[in-house]
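**Student:** Task: produce atomic coordinates for the following.
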Amino acid sequence: MPTNVFLGRQPIFDRKRRTYAYELLYRNGSDNAAFFEDPDDATRRVLEMAMLEWGFDRVVGDRYGFINAAPGILASGVLELLPADRAVIELAGDVLLDAAAVDTIRTAHDAGLRFALDDVTTADREDIAAIAHCISVVKVDLRALGDGDLTALTTELRRVFPKALLLAQKVEEPEEFTRASELGFDLFQGYFFAKPEVMNRSERPANLTAALQLMGEVNQPEVDLDRVEELIANDPTLAYGLLRLVNSSSYGLTVHVQSIRHAIMMLGLGQVRHLALLLTMATKGQRVDEELIVLAATRAKMAAGLAGDDLQLANGCFTAGLLSVIDAVFQAPMAELVADLPLQQDVRKALLDGSGPVGAVLAAVFAFERADTAALDRLRPDDGAQLREVFGEGAAWGESLRRELVGTRPGP
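**Tutor:** Residues are numbered from 1 along each chain as shown. As a prediction, this is how the structure comes out:
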């Protein structure tokens, strides 16, 4: 497989901001082209990576997985590899459906496959109406139309697809999530969840102060085992969460860990400190969407993997990955939060302006998230295979944390 082929994922949320699904994003080449000349070949590549290189469970967890596909791929038998109860086949909104394609989609739907229509701009098409009962999700570009046109379109889509969920795409800002919610959309796709809504406060909430104090003390370079044990043990929620995670299948320990000190001895002080940071964000944030914790964990694991054999750089990258979402977790400016934490200078610079060696690794992680191959070709040329490998490891760890901290997926 060429090293410049990338597969990332983008979260899709329900109205309660729970992660409903992931769309698998395929990119090939520095021009960020989403498909090869043959779209069926692109689908095969996505399936090859999702099913064979990572495993479907590793890349989407127990959520739904949206996969772009042309009608021609449906008759090939390739999609039979996918779990029918969790895969959603995404068809382009402007796809031309002849009688054979309609029959193929209906047959696949009867076999249990779900379908979504992408970039829908009109509901007034006879060929689309012919498969309306097969469509579970209809996707609309939130930025393509004004509110008046969107209102008219959503009304018409509800009439043509009465059982389908309406999904707003390109929801990148918190204000856009609010707008899409008011317009009646059911699902929302984009990175709005990772951006803070409130950037200025006259008074800091008590829970934020306590959280930062705990994170700061745990992250002190000279902190010893006894102090870390004391800090965690004094917070029952943190202590319970850490012992639950350590005893989960994520760590594969053969003994039951019964105390914070035992956890430190089994995993090492560094790992326990990182878990304490993660759990503090998860339990004490202003508004913590589950996907923020998954994103922090995935970024941390992926960044550390990209650091290679340099243990100091890997540790800094892991910490920076974890803390890259704290502005959204605590709804406060990154500069304000970083100022209160005893961070290494390279971690601090990475979080504030993306500079330095840690910043360069984080930039590659961010580019991979958004399938920005132009940036990846500049930052990590010829590292496609390594990027996919460390992302798979990060996504798997993030999903294991989600299962322990949050639970099962929202229903369809």
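
**Student:** Only C-alpha atoms from now on, for both contacts and neighbour counts.
**Tutor:** OK.

**Student:** Does residue 301 touch residue 392 like I think?
**Tutor:** No - under the criterion of CA atoms under 8 Å, residue 301 makes no contact with residue 392, lying 9.6 Å away.

**Student:** between these two, what contacts are shared?
**Tutor:** Shared contacts of residue 301 and residue 392 (CA atoms under 8 Å, 6 or more residues apart in numbering): none.

**Student:** could you say what helices and strands the helix or strand where residue 230 lies packs with?
**Tutor:** Element membership for residue 230 (DSSP states H and E) is helix 225-233. In terms of contacts (3 or more CA pairs under 8 Å, 6 or more residues apart in numbering; DSSP states H and E), helix 225-233 is packed against helix 206-218, helix 236-246, helix 260-267, helix 269-284.

**Student:** what's near enough to touch residue 116?
**Tutor:** The contact partners of residue 116, by CA under 8 Å, 6+ apart, come to 88, 89, 90, 91, 135, 136, 137, 138, 139.

**Student:** Which residues are in contact with residue 133?
**Tutor:** Residue 133 neighbours (CA under 8 Å, 6+ apart): 161, 163.

**Student:** sec struct for it, please.
**Tutor:** Using DSSP: H, G, I helix; E, B strand; the rest coil, the structure places residue 133 in helix.

**Student:** And it, how far from residue 159?
**Tutor:** Per CA to CA, to the nearest Å, residue 133 is found 12 Å from residue 159.

**Student:** rewinding a little: buried residues of the helix holding residue 230, list them for me.
**Tutor:** Residues of helix 225-233 classed as buried: 228, 229, 231, 232, 233 (neighbour count, 16 or more other CA atoms under 10 Å).

**Student:** Then stretch 329-341?
**Tutor:** By neighbour count with 16+ other CA under 10 Å, stretch 329-341 contains the buried residues 329, 330, 331, 332, 333, 334, 337, 338, 341.

**Student:** With stretch 97-104 instead?
**Tutor:** In stretch 97-104, the ones that count as buried by 16+ other CA under 10 Å are 97, 101, 102, 104.

**Student:** so can I have TSV of those showing distance to residue 374, secondary structure and pLDDT?
**Tutor:** Converted to TSV, the buried residues of stretch 97-104 look like this (distance: CA to CA, whole Å; DSSP: H, G, I helix; E, B strand; the rest coil; pLDDT from 0 to 100):
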residue	distance to residue 374	secondary structure	pLDDT
97	33	coil	77
101	35	helix	81
102	37	helix	85
104	36	helix	82
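
**Student:** wait, is residue 167 part of a strand?
**Tutor:** Yes - looking at residue 167 with three-state DSSP, it is inside a strand.

**Student:** how about residue 86, what does it touch?
**Tutor:** 62, 63, 64, 65.

**Student:** Please enumerate residues in contact with the helix holding residue 230?
**Tutor:** 214, 218, 238, 239, 260, 261, 264, 269, 273, 276.

**Student:** Which of these ranks first by neighbour count?
**Tutor:** residue 218 (25 neighbours; other CA atoms under 10 Å).

**Student:** Distance check, that residue against residue 141.
**Tutor:** In terms of CA to CA, residue 218 sits 44 Å off from residue 141.

**Student:** Kindly report the same for residue 155.
**Tutor:** 15 Å.

**Student:** out of these two, which sits in the busier spot?
**Tutor:** Neighbours per residue (other CA under 10 Å) separate residue 155 from residue 141, with residue 141 holding more: 17 against 14.

**Student:** Name the nearest residue to that one, sequence neighbours excluded.
**Tutor:** Spatial nearest neighbour of residue 141, excluding adjacent residues (CA to CA, 6 or more residues apart in numbering): residue 169 at 4.8 Å.

**Student:** Same question for residue 275.
**Tutor:** residue 242 (6.9 Å).
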